[in-house]
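Asks: Structure for the following, please:
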Amino acid sequence: MKIKTYEKYGAVVIELKGNVMGGPEAQEFSDLLHKLLEEGKKNVVVDLSGCKFMNSSGLGMLISGYTTMKNGGGNFKLANATDKIESLLVITKLITIFEHYPSVEEAVKSFSE
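Replies: Numbering: from 1, shown residues only. Okay, here's the model as predicted:
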C-alpha cells in the first residue's frame, strides 16, 4: 500500500493505493493522522479510488483513523470507495459509521456545509 497526501480547499486528502492490509502501513497511517492533528489540520478525506483490496486489518486501520480524528476534534471522511470496498463497508455495517462520498470534491465540499 502506498500513502500519498495533498491539500485541497483546507482539507487534507490521503490517497491509499494498492492493497490495504494493515501491518506496518497502519502505524504509518496513524502517525500521519497524529501529525496532521498536531499541525491543526482537522479535516481529512481518505481517497479509496486506488485501493484494490482491503482485509479486516485494513478496516481496523480506517476505524482507528476515524477514532483518532474524532478524539482530536477532527473529521474523517471516505471518498471514491470501489464497489468491492463499499460492499465490505455495507456487510460490516461500517457504512453507518463513516461519512462516505462518491468523489473527493464532494467530501471536501461537505466540510464547509
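Asks: what's the distance between the residue nearest the centre of the chain and P102?
Replies: Of all residues in the chain, the one closest to the mean position by CA atoms, centre = their mean is V46, 3.0 Å from it. Per CB to CB, to the nearest Å, V46 is found 14 Å from P102. All C-beta atoms are positioned from the backbone trio N, CA, C, and that covers glycine.
Asks: what's the overlap in contacts for those two?
Replies: A79 (CB atoms under 8 Å, 6 or more residues apart in numbering).
Asks: List the neighbouring strands of the helix or strand where H100 lies plus their orientation.
Replies: Assessed by DSSP states H and E, H100 sits inside strand 99-101. When pairs are called by DSSP bridges, strand 99-101 turns out to pair with strand 75-79 (parallel).
Asks: can you give me the mean pLDDT across the strand holding H100?
Replies: Regarding strand 99-101, the rounded mean pLDDT is 96.
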